[in-house]
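Engineer: based on what follows, work out the 3D shape:
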Amino acid sequence: MTKIFLFHSLKHLYLYMNRSIHLLLVAGNDQCLVSLYLIYERFNHIIVQLYLRVSEPPFFMLMKAVPLYLSEMAPTHLRGALNMMFQLATTLGIFTANMINYGTQKLEPWGWRLSLGLAAIPAFLMTVGGFLLPETPNSLIERGSKERGKKVLVRIRGTDNVEAEFQDMVDASELANAIKHPFRNILERRNRPQLVMAICMPTFQILTGINSILFYAPVLFQSMGFGRNASLYSSALTGAVLAGSTLISIATVDRLGRRALLISGGIQMIICQVIVAIILGVKFGDNQELTKGYSILVVVVICLFVSAFGWSWGPLGWTVPSEIFPLETRSAGQGITVTVNLLFTFVIAQCFLAMLCHFKFGIFLFFAAWITVMTIFVYFFLPETKGVPIEEMIFLWRKHWFWKRIVPEYPEADKNETV
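Structural biologist: Reported below is the predicted structural model:
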């Protein structure tokens, strides 16, 4: 039922926002508090529904398991592209759900039942598909089924020449089986770089401001004359742009590398956020409305921002953490990544209206500043993981100009270091 509740709550929120968004942008503090009070209950209801939705155990398991499964099954030279199929499937699913909800809302009084029933179809396909998928070689080897693991590895690689990769997996499995407390082990000095990435990558992904950009889209579309269909058009356009840009990422991530996409995407998002802030600050003030020309310009810039997010921080915010952890801490690391992502999604959602009241158009500059920080962070602290086997990721940190000061050259040295 959460999907139906979420959809109808968003519809009501949209109606409230149309009446108050201009006041939130340009009004003083007292007026802003009044507007905030008018939409507070509706907004909180939506946040509760969002929280309930993402708190469901199946959601956590999928967000944790799917990127890891793809990383372990994919050959090294295709790992980035195949892992991003997760993001592509997510964006296509969101776009399809939006279209279904829009169509079924007109079928009163039973449209919500049809929408809810149709949601069972992908759930059924996912369940059946889970039985048909093979276990990853890493998982089989770690559980003692080395022969089965080797057979699966030969089958998915399409060649019998897998001895070197198989031996790397066996060595990693022996080390992983010696670890009894992965969450305690992940705090050790030699795992410090991966832990930092598991926290920073999902945090930065949310601090790009993608949620605030999508929040404004229906209002901007309405100002262009789309009226009641503004929400539909904005959802359709941004959903299509997200899906299309993910295809760009899939095609380039294993050729250009992760760093190139993250840095270039960050630069493009900074420019877009600054442009939107300037237009809203100059042309959307007291007793002013955006002209159709400026509205079109802002929508184009928003699409460019969404596109940059779709081929950089959107998919890579999940891909990079899923491929950098050694086997003994991989599950714990991905669990931290998912938790941090959901935590900051919740925090930004709760703080957004208050930030909007105080910052007004400056909220876009706030997110632009964070994108600047994360782009610099990637440039200096994230090594390129393109083409590196998962079992050999540890050598990247030992060669990196900064992390080599923290990661011991030999694992035994870590036991003598203070965490």
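
Engineer: next, the distance between the ends of stretch 79-91.
Structural biologist: 19 Å (C-alpha to C-alpha, to the nearest Å).

Engineer: could you do stretch 202-210 as well?
Structural biologist: Start-to-end, stretch 202-210 (C-alpha to C-alpha) is 13 Å.

Engineer: ok, residues contacting it?
Structural biologist: The contact list for stretch 202-210, computed with C-beta atoms under 8 Å, 6 or more residues apart in numbering, reads 269, 273, 305-306, 309, 313-314, 317, 321, 337-338, 340-341, 344-345, 348, 363-364, 366-368, 370-371, 373-374, 377. For glycine as for every other residue, the C-beta is placed from the backbone atoms N, C-alpha and C.

Engineer: got it, and stretch 67-75?
Structural biologist: Contact with stretch 67-75 is made by 79, 82-83, 85-86, 133, 136-139, 156-157, 318-319, 321-323, 330-331, 334, 390, as judged by C-beta under 8 Å, 6+ apart.

Engineer: pull out the buried residues from stretch 266-282.
Structural biologist: For stretch 266-282, the neighbour count (16 or more other C-beta atoms under 10 Å) marks 266, 268-273, 275-277, 279-281 as buried.

Engineer: could you list which of those belong to helices?
Structural biologist: Secondary structure assignment by DSSP state H places 266, 268-273, 275-277, 279-281 of the buried residues of stretch 266-282 in helices.

Engineer: farthest-separated two in those?
Structural biologist: Spatially, the most separated pair among those is G266 and G281, at 22.2 Å (C-beta to C-beta).

Engineer: give the contact list for the most centrally placed residue in the chain.
Structural biologist: Centroid-nearest residue in the chain, with C-alpha atoms, centre = their mean: G314, separated by 4.7 Å. Residues in contact with G314, defined by C-beta under 8 Å, 6+ apart, are 87, 91, 205, 210, 242, 245-246, 249.

Engineer: per-residue confidence averaged over the one helix or strand it maps to?
Structural biologist: When elements are assigned from DSSP states H and E, G314 belongs to helix 313-324. Mean per-residue pLDDT for helix 313-324: 90.

Engineer: ok, stretch 354-371 next?
Structural biologist: Stretch 354-371 carries an average pLDDT of 88.

Engineer: end-to-end on that stretch?
Structural biologist: Note: stretch 354-371 ends 21 Å apart using C-alpha to C-alpha.

Engineer: how about stretch 71-89?
Structural biologist: Span of stretch 71-89 from end to end, C-alpha to C-alpha: 16 Å.

Engineer: for it, buried residues please.
Structural biologist: For stretch 71-89, by 16+ other C-beta under 10 Å, it's 71-74, 76, 79-84, 86-88.

Engineer: what does stretch 89-107 give?
Structural biologist: Applying a neighbour-count criterion of 16+ other C-beta under 10 Å, one finds 90-91, 95, 97-98, 100-102, 104 buried in stretch 89-107.

Engineer: and stretch 174-191, by the same measure?
Structural biologist: Neighbour-count burial for stretch 174-191 flags 176, 179, 182, 185-186, 188-191 (criterion: 16+ other C-beta under 10 Å).

Engineer: and which of those residues is nearest to I121?
Structural biologist: Ranked by distance to I121 (C-beta to C-beta), the buried residues of stretch 174-191 are led by P182 at 35.9 Å.

Engineer: ranges for the helices of the stretch 201-350 of the chain?
Structural biologist: Secondary structure of the stretch 201-350 of the chain (DSSP state H, counting those that start in this stretch): helices located at 210-221, 230-256, 258-283, 292-310, 313-324, 330-359.

Engineer: out of these, which gets nearest to R405?
Structural biologist: Of all the helices of the stretch 201-350 of the chain, helix 313-324 sits nearest to R405, with 17.9 Å by C-beta to C-beta.

Engineer: can you redo the ones in helices among the buried residues of stretch 266-282 as a markdown table with pLDDT and distance to K292?
Structural biologist: A markdown table is the format used below for those (pLDDT from 0 to 100; distance: C-beta to C-beta, whole Å):
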| residue | pLDDT | distance to K292 |
| --- | --- | --- |
| G266 | 96 | 31 |
| Q268 | 96 | 25 |
| M269 | 96 | 25 |
| I270 | 96 | 27 |
| I271 | 96 | 23 |
| C272 | 93 | 20 |
| Q273 | 92 | 22 |
| I275 | 92 | 17 |
| V276 | 87 | 17 |
| A277 | 89 | 20 |
| I279 | 86 | 13 |
| L280 | 82 | 15 |
| G281 | 83 | 19 |
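
Engineer: now distance to E384 too, for these, in JSON lines please.
Structural biologist: Below are those laid out as JSON lines (distance: C-beta to C-beta, whole Å):
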{"residue": "G266", "distance to E384": "16"}
{"residue": "Q268", "distance to E384": "20"}
{"residue": "M269", "distance to E384": "21"}
{"residue": "I270", "distance to E384": "22"}
{"residue": "I271", "distance to E384": "24"}
{"residue": "C272", "distance to E384": "25"}
{"residue": "Q273", "distance to E384": "26"}
{"residue": "I275", "distance to E384": "30"}
{"residue": "V276", "distance to E384": "31"}
{"residue": "A277", "distance to E384": "32"}
{"residue": "I279", "distance to E384": "36"}
{"residue": "L280", "distance to E384": "37"}
{"residue": "G281", "distance to E384": "38"}
